[in-house]
Structure formats: C-alpha cells, structure tokens
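Asker: Could you work out the structure for the sequence below:
(chains A and B)
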Amino acid sequence: MAERRVLWLALALLVLCGAFLAWHLRAPMGFILGLRAAKLGALVCVGAATGAATVLFQTVAGNRLLTPGLVGFDALFVLMQTLLVLLLGGVGAAAIPAGPRFLMEVAALGAASVALFGLLLRRDARDITRMILTGIILGVLLRGLASMVQRLMDPSDFAVVQQAMFASFGRVDPQQLAFSAVVLLAALAVALRMAPALDVAGLGRDTARGLGLDHDRVVMTALLLMAAMVSVATALVGPITFLGLLTASLARQVTGSHRHAVLLPAAAILGALILVAGQFLFERLMGSQSALAVIVEFFGGLVFLFLVLKRRRR
Amino acid sequence: MIEISSLSYHAGPTPILHEISTRIESGGITALIGPNGAGKSTLLHCISGLETPSVGSVRINGIDPFSVPHRQRARTVALLQQSPALVSRLRVRELVSFGRWPHHQGRPRREDEEAVDRALVAFALSDLAERTIDTLSGGQRQRAFIAMTYAQDTPWMLLDEPLNALDPRHARDLMARLHGLSRDGTRSIVIVLHDINAAAGWADHIVAMKDGRIVAQDESAAVLTEDTLRDVFDTPFELLHHKGRPVVVAR
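Answerer: Presented below is the predicted three-dimensional model:
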C-alpha cells in the first residue's frame, strides 16, 4: 500500500536524522549538536519544500518535466530580494526585521507567481512543448534580470544581496529557520487539505471543470502554496534546480500512486531524505564540504534526460 | 430542457457559432451531426458551461450553467470530451470514481462506491478495473471515460464523438446502452456523431449543423433526407431502407 510506503520513508528519514546528529559526537557536545541541528533543520526544510512544491507545480502544469526551479521560480525570488535592496538600500533592507521581511517576500513572490505563471498555465497548458520552452526561457530571463540589477547596484548593497543568495547549509540563521519551518508546515497542511481537489485538477483543466472543480481557484491556491515553499527553500540555501525533479519522479515511482494525499508527503520526505543522506555521506564519511549541490544536480539532470527520452519512445 | 437563445461564440477573431437559438427537449437521444468544423463540439462546451459564449444565453433544466455554482452545474450536466488528457498510474476504477466528485467533493461514501461499480459493469469494464489507463487501448480508454461521465449521474449527458476508436461491437453496445438509459426518463443524451447511420439507427432527434449554424432540426426521419444531407455535408447521399430502418450511403 502507498500509505505504508510513506510511513517507511518517514521512518528512514527519522533514523537518518538521528545518525546525522549523533555520528562521532564529541565535546563540546551541546555546541556541536546545536550546529548540527540547525544544519539538519535547513536540509529537511529545503528538501521537503522543494519536493512538495515540485509535485504541486507538476500537477497544475499538467507536466512531469517542469519544476519550479526550471521555470525560474527561485530566480524570481532572487530578483525580488535584489529589487528590495535596490529600492531601500542595503542598510534599509537589513533594517527590516527578518520575520516580517520574509513574510513580505513570500507574499510578493506569491502575487508575482500567480500573475506570471497563472497566465502562462492558462494560455499554454495544452501545448506541452511550448509550455516547456516558454518556462525555460522565462527562467533564463528572470535569472538574467536579477543579475543585471545586481550589476547596476552599489557594491556594498550587492554584498547584502550576495549574502542572502549564497547562504549555504553551513550558515543558517536559527530565527530564519524557525520562520521557514512555520511557513513550510502551514503550506504543507493547506496542500494536504486540498489533496482531493488537486487529484481532480490533475485530470486536466477541461475534465476538472466538467466535474465542477473551480480549476482556476485551485491552480491559484497551488501556485501561492508553491511560492511559499520555494521561498523557504531559496531563502535558506539558494537554488538547486534538479532536486525537485528527482524527488517528484522518485515519489511517483515509490508510491505508484497519483493521489496527492500520498504524493505530497512522499515527495517532501524524499526531498529531505536525499539532502540529509547526501550531506551525511559527503561531510561525515568523505570529509568533503560543498559537493552536495553538484551531485544532486548531476543525478537530477540524469533523471531529467531519462524522462525526456522515455517520453519520446512512447 | 435545454434552451439556447441567440448564442454566438468567437475564438479570438474567428466566429465559430452564429446566433444559435434552439430548444432540445428532455428525454431520448439527440444527435448532433455536421461536417468537421461545423461548431458541434463548441456548442456542447457552451451548453455544459465550459466555454463562455460571446453573446447569448443557455438554460439547462432552467439553470444558467455560467452563473450557478460549479458543483450544481456538474450535477446537472456531464460532458465527455473528445481527447481528455491522460494521467499515468491512474487506474480505471479511480478514473471512474472521479465522476462522483460533484457528489462527494473528496469524501466518497458507500453510495458513491456503488455508483462506480454500476458504471464499471454498465460499460463492461469490470475486468479492466485495476488496470492503469495508460496501458489500455484507445477504445478501452474511451469506454473508461464514458463510464466516468455516466457515474457523474446527471440528468443531461453530453457526449462528444463517443464512438471514436470503438470497434463495431462496442460501438453498438454503447449506442444500445445509451438508448436504454434515455428510455427511463431520467437521462437525456446529446451526442455528436460522425456515423450518420448510428444517428439514423438510435437517435430520436437530429440537429444538423453547418458553418456554425443549425440548418435542420427535427425527428430523425425528417432530417435524414437526401436533400438535407447533401446540403449539410456538400456531398450526395442515397437514402435506403433496410428492415424498416433508414440507411444512408454516400454516393
């Protein structure tokens, strides 16, 4: 049963988290444990957010190849942060307390993504090729815009943006982590509540509307939830493009289900599992620090190629 | 009863339907025939509330499908579309269960399960119930979607070319099944057909469309004349009678 597999995944994640915290724990224990817990929290949040966001996006896009990262959702987030710093100045932006600022960014990203992707999904949803191409070009455009604005700005302001953009798993602000966790849990809870509606939305716009689903509203809600999740992931560590794709297709394989009540938790747990396992492997066992993102991108890219080629054959 | 008054529909600048006004009485099977691009599918979409007409109005059993709550609309009219999107890993039973969504909104009860079982039996899908739809043939898949439309259990069923991809046996079975459903007075069926003989054999009424207009509408026998068919399809037909049934042959 699909539900049982999700339980096994959750159990595996718990064991792994325990190992991550307790492996070779030496004095000063409290200090090291604190550092590790913060890092673990960030890994779990980012993995879960990326996995669940990708499942949501693939459902509303009706497409198993697209991910929020591929169409530049994270670039949109970086662009918004850059614009914020450009408008208020580095000092001004830094003066806003982290919590309200994060919530503000989430809200702004939600509004922007509904405007942008709501339009894209409605117009191009039937033409898959065009949708993928438009999405990828949009991603490149948003990334380009963000880096152009960064070039225009004052070097000291740029340093502020840079710090926000390239935060790694090693340097996580506990306060921000707490905010992220709350936002993520809320978004996941809402997504799970609307899981049956998402199942219907997965049948495609026309069929779903024929069944009396307010499809546009479900898509908008899903986009907002996804925007919140992507904000969490991007604010904590910065973009990992292919992690979502890897996670979502693994979740479908492992559960063998189309039901979001199963897929969403499975993708969230798998996302966390991949990141924690990867970090554990590289940092504890191989003594390497920064290779995780590269490796995840590598395997995610392979999955992308596999899915594209499999599609061609059918 | 479906009442359509001066309905026009434009897709961008292209006019698809011109000032259509008509009534379709409840009960029985009404067949929509006409050449490709006559606007048959668009008319079905407008009636079911999925496409908003540019001008004009639709009433189906007295309700306006564009202003009533989505759920009420989906409990009044069910539409089988021409090529619905496919979801991988979706089993036939699960697909048919989606037909019950307007009734349970995500919390299926026992009566919903029973309705799904009935639909599976009615369309000879019991053996395929646990198969995923991407492993089915075109005709089996078509039957699964028809069963979903049936499970929606609405007074009006609108079917857009349901005979697509069906072999003669299943096409006949389907028409006979629809005919039976339309007899007991609880269901009215509007069906787009390209096989004029299927319309001749099973439909009570025929609506003939051409270039976005209704050119003929009456009881089947009255519409199926050589003159009308030639005008509608721009091609000569010969009308024969075989064992008391009209048979149409293109010359």
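Asker: Most proximal residue of the stretch 51-200 of chain B with respect to chain A?
Answerer: B:Ala74 (2.7 Å; CB to the nearest CB). C-beta coordinates here come from the backbone N, C-alpha and C atoms, glycine included.
Asker: Let's see the pLDDT reported for that residue.
Answerer: B:Ala74 is assigned 95 on the pLDDT scale.
Asker: repeat for A:Met131
Answerer: 68.
Asker: Check A:Leu285 too.
Answerer: Note on A:Leu285: pLDDT of 75.
Asker: Next, count neighbours for it.
Answerer: 9 (other CB atoms under 10 Å in any protein chain shown).
Asker: Can you give me the separation between it and A:Ala12?
Answerer: Counting by CB to CB, to the nearest Å, the gap from A:Leu285 to A:Ala12 is 17 Å.
Asker: just B:Arg110 next, same as before
Answerer: B:Arg110 is 36 Å from A:Ala12, by CB to CB.
Asker: The two: which is more packed in?
Answerer: More neighbours surround A:Ala12 than the other of B:Arg110 and A:Ala12, with 15 against 7 (other CB under 10 Å).
Asker: quick one, phi/psi of the residue in the stretch 1-150 of chain A positioned nearest to chain B?
Answerer: Nearest residue of the stretch 1-150 of chain A to chain B: A:Gly62, at 6.2 Å (CB to the nearest CB). Here is the backbone geometry of A:Gly62 (degrees, to the nearest 10): phi 60, psi 40.
Asker: Where do the helices of the chain begin and end?
Answerer: The chain I'm using is chain A. A:2-22, A:29-61, A:73-95, A:98-124, A:128-152, A:155-165, A:174-193, A:195-201, A:205-210, A:215-237, A:243-255, A:260-279, A:292-313 (DSSP state H).
Asker: oops, chain B please
Answerer: Under DSSP H, chain B gives helices at B:40-47, B:70-74, B:92-98, B:101-104, B:110-122, B:138-151, B:168-183, B:196-202, B:220-223, B:226-233.
Asker: residue contacts, A:Arg252?
Answerer: A:64, A:258, A:263, B:89 (CB atoms under 8 Å, 6 or more residues apart in numbering or on different chains).
Asker: Could you tell me what pLDDT the model assigned to the residue of the stretch 1-150 of chain A closest to chain B?
Answerer: 82.
Asker: Kindly indicate the member of the contacts of A:Arg252 with the most neighbours.
Answerer: In terms of neighbours by other CB under 10 Å, the contacts of A:Arg252 top out with A:Leu263 at 29 neighbours.
Asker: what's the spacing between the closest residue to B:Val207 other than its chain neighbours and B:His179?
Answerer: Nearest non-adjacent residue to B:Val207, counting by CB to CB, 6 or more residues apart in numbering or on different chains: B:Gln217, 4.7 Å away. B:Gln217 sits at a distance of 20 Å from B:His179 (criterion: CB to CB).
Asker: for B:Pro84, what are its contacts?
Answerer: B:Pro84 touches A:203-204, A:206-207, B:145, counting by CB under 8 Å, 6+ apart.
Asker: at 10 Å instead, please
Answerer: The contact partners of B:Pro84, taken as CB atoms under 10 Å, 6 or more residues apart in numbering or on different chains, are A:203-204, A:206-207, A:210, B:95, B:133, B:141-142, B:144-145, B:148-149, B:160.
Asker: So which of those residues is surrounded by the most neighbours?
Answerer: Going by other CB under 10 Å, A:Gly210 tops the contacts of B:Pro84 with 32 neighbours.
Asker: Can you read off the pLDDT for that residue?
Answerer: At A:Gly210, the model reports a pLDDT of 92.
Asker: B:Ala250 too?
Answerer: 85.
Asker: Spit out the contact partners of residue 116.
Answerer: Because you didn't say which chain, this covers chain A. By CB under 10 Å, 6+ apart, the neighbours of A:Leu116 are A:71-73, A:76, A:138, A:142, A:223.
Asker: hm, I was asking about chain B
Answerer: B:93-100, B:108, B:129, B:147-148, B:151 are the contacts of B:Val116 under CB under 10 Å, 6+ apart.
Asker: From A:Ala159, how far out is B:Leu79?
Answerer: If you go by CB to CB, the gap between B:Leu79 and A:Ala159 works out to 58 Å.
Asker: Of those two, which one has the most company?
Answerer: Taking other CB under 10 Å, B:Leu79 and A:Ala159 do not tie; B:Leu79 has more neighbours (27 against 13).
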